[in-house]
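> For reference, the sequence and a predicted model appear below.
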Amino acid sequence: MPTPTVFITGAAAGIGRSTALEFSRAGYLVGAYDIDATGLASLQEAITSAGGRVVTGVLDVTDPEQWEKRLKEFDAEAGGRLDILVNNAGILVAGRFEEMPLELHKRQIDINVNGVVYGTHAAFPYLKATPGAQVINLCSASAIYGQPELATYGATKFAVRGITEALDLEWAEYDISVKAMWPLFVNTAMTAGVSTGTTNSLGIKLSADDVSASIFKATRPSKRPYHKVHFPVGLQSKALSLGSRFSPAWLTREVNRRLSHT
């Protein structure tokens with residue numbers, strides 16, 4: 001049996017690092033990529049000292065040429081397999097929309113949306129060549145309904161949702177499934193110091209390990225009788241997702257208004 005492979009962005013810390021360790025323990029060849037070379041070196045030491053295999057490289061997900069280069073390098077090590085691409089790299093900047101510099105709005109869009117577009121596009125030939133390949137996109141419960149003080153961040157996750165749904169349909173003919181993970185707020189460096197009405201109401205209760213375990217589970221074969229695309233992570237996300245599915249639009253808005261204290 002060939003060694004399964006996974007390519008993870010934003011792997012130096014937080015959810016990405018935890019996901020790399022999770023798949024390494026399961027026997028995967030891990031491709032771990034980030035702009036943080038120091039964090040990648042630490043991750044490489046953790047994986048290799050435990051007997052795992054990892055390929056690391058510096059990757060700015062907003063640079064299409066770097067995507068092409070890193071994927072080609074990983075393919076050479078992986079023997080022509082790309083079983084799973086995890087588009088994890090992302091940033092969150094909280095604050096009132098009009099007070100946030102345009103550069104911060106742009107940066108969130110560049111990393112959270114363009115990074116997914118560039119990477120998934122570049123990875124397609126490798127995914128197509130691997131039977132049963134999967135793409136895992138990190139979405140967010142912020143894509144259920146737009147959140148005050150997280151307007152652009154939430155918009156980027158709405159975009160990721162749309163990309164995921166469209167490509168899961170479009171690429172089914174190639175035996176590629178595309179899935180979205182939906183955590184609420186996760187206790188990582190990305191949310192350090194973040195204080196919005198919604199975070200104050202709901203708290204920041206998920207850990208990186210909670211999310212990585214859900215990612216791994218989502219990639220396992222399932223006996224469910226239907227094809228699943230969206231995977232809420234944690235009880236809060238599951239409750240919000242379920243509620244939005246069945247409540248009228250005015251009630252969903254009112255719930256979010258109260259949660260955000262607006």
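Nice, thanks for sending it over. Numbers count the residues shown, from 1 in each chain.

> what about dumping the CA coordinates of stretch 44-58 to PDB?
Presented in PDB, the C-alpha positions along stretch 44-58 are these (Å, rounded to 0.1, in the frame of the first residue of the first chain):
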ATOM      1  CA  GLN A  44       9.700  18.900  11.900                       C
ATOM      2  CA  GLU A  45      11.600  18.000  15.000                       C
ATOM      3  CA  ALA A  46       8.400  16.900  16.800                       C
ATOM      4  CA  ILE A  47       7.400  14.700  13.900                       C
ATOM      5  CA  THR A  48      10.700  13.100  13.100                       C
ATOM      6  CA  SER A  49      11.500  12.400  16.700                       C
ATOM      7  CA  ALA A  50       8.300  10.500  16.900                       C
ATOM      8  CA  GLY A  51       9.200   8.400  13.900                       C
ATOM      9  CA  GLY A  52       7.100  10.200  11.400                       C
ATOM     10  CA  ARG A  53       7.900  11.700   7.900                       C
ATOM     11  CA  VAL A  54       7.500  15.300   7.000                       C
ATOM     12  CA  VAL A  55       8.500  17.700   4.200                       C
ATOM     13  CA  THR A  56       8.500  21.300   5.100                       C
ATOM     14  CA  GLY A  57       8.900  24.500   3.100                       C
ATOM     15  CA  VAL A  58       8.300  28.200   3.300                       C
END
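
> So what touches that stretch?
Taking contacts as CB atoms under 8 Å, 6 or more residues apart in numbering, the residues outside stretch 44-58 that touch it are 3, 11, 20-21, 24-25, 29-35, 37, 40-41, 43, 66, 70, 73-74, 77-78. In this view, the C-beta of every residue, glycine as well, is placed from N, C-alpha and C.

> which among the residues you listed end up buried?
Buried members of these, counted by 16 or more other CB atoms under 10 Å: 11, 20-21, 24, 29-35, 40, 43, 66, 70, 74, 78.

> thought Val233 was touching Trp182?
Yes: taking contacts as CB atoms under 8 Å, Val233 lies within contact range of Trp182: 6.0 Å.
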